[in-house]
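**Q** Would you be able to build a 3D model of this:
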Amino acid sequence: ASGPLADGVYYKKCIVGSRHGSLGQLIEENHLGYVFETGNSDDLSTVLSRAIEDKYEYDSVALKYKDAVDVNEFKRKYLELYMGIVNDKRK
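**A** Numbering: from 1, shown residues only. Down below sits the predicted model:
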């Protein structure tokens with residue numbers, strides 16, 4: 001995911017993005033906000049209005065994603081992976 005997306009998730013912001021590609025899939029699967037049809041300005045306008053008017057609350061799925069991309073979790077997973085590689089080389 002992009003830095004701006006991670007920043008938005010860290011602050012539990014409603015993410016608005018194009019449905020196209022992996023970004024849209026990430027937003028939809030993790031309940032991070034709203035997606036619009038690429039190239040459809042009417043859909044974009046509708047989604048932006050909804051994002052502004054509605055108070056978007058992170059549910060358990062979004063919070064789980066937020067926890068997974070937390071810097072401390074990243075460090076833990078990195079060390080776990082690194083230690084696993086080190087342990088394999090010692091065998």
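**Q** and the residue lying closest to residue 15 once chain neighbours are set aside, backbone torsions?
**A** Among residues not flanking residue 15 along the chain, residue 33 sits closest, at 3.6 Å (CB to CB, 6 or more residues apart in numbering). In short, each C-beta sits where N, CA and C put it, glycine included. Main-chain dihedrals, residue 33, degrees, to the nearest 10: phi 160, psi -140.
**Q** What residues does residue 37 make contact with?
**A** 18-19, 43 (CB atoms under 8 Å, 6 or more residues apart in numbering).
**Q** make it 10 Å
**A** 18-20, 24, 43-44, 46-47 (CB atoms under 10 Å, 6 or more residues apart in numbering).
**Q** gap between it and residue 27?
**A** Taking CB to CB, to the nearest Å as the measure, residue 37 falls 13 Å from residue 27.
**Q** now do residue 12
**A** 14 Å.
**Q** out of these two, which sits in the busier spot?
**A** A direct count of neighbours by other CB atoms under 10 Å for residue 12 and residue 27 places residue 27 higher, at 24 against 14.
**Q** Give me the next element, helix or strand, following the host helix or strand of that one.
**A** Using DSSP states H and E, residue 27 sits in helix 21-29. Tracing the chain past helix 21-29, the next element assigned as helix or strand by DSSP H and E is strand 33-36.
**Q** And that following strand, what does it pack against?
**A** helix 3-10, strand 15-18, helix 21-29, helix 41-53 (3 or more CB pairs under 10 Å, 6 or more residues apart in numbering; DSSP states H and E).
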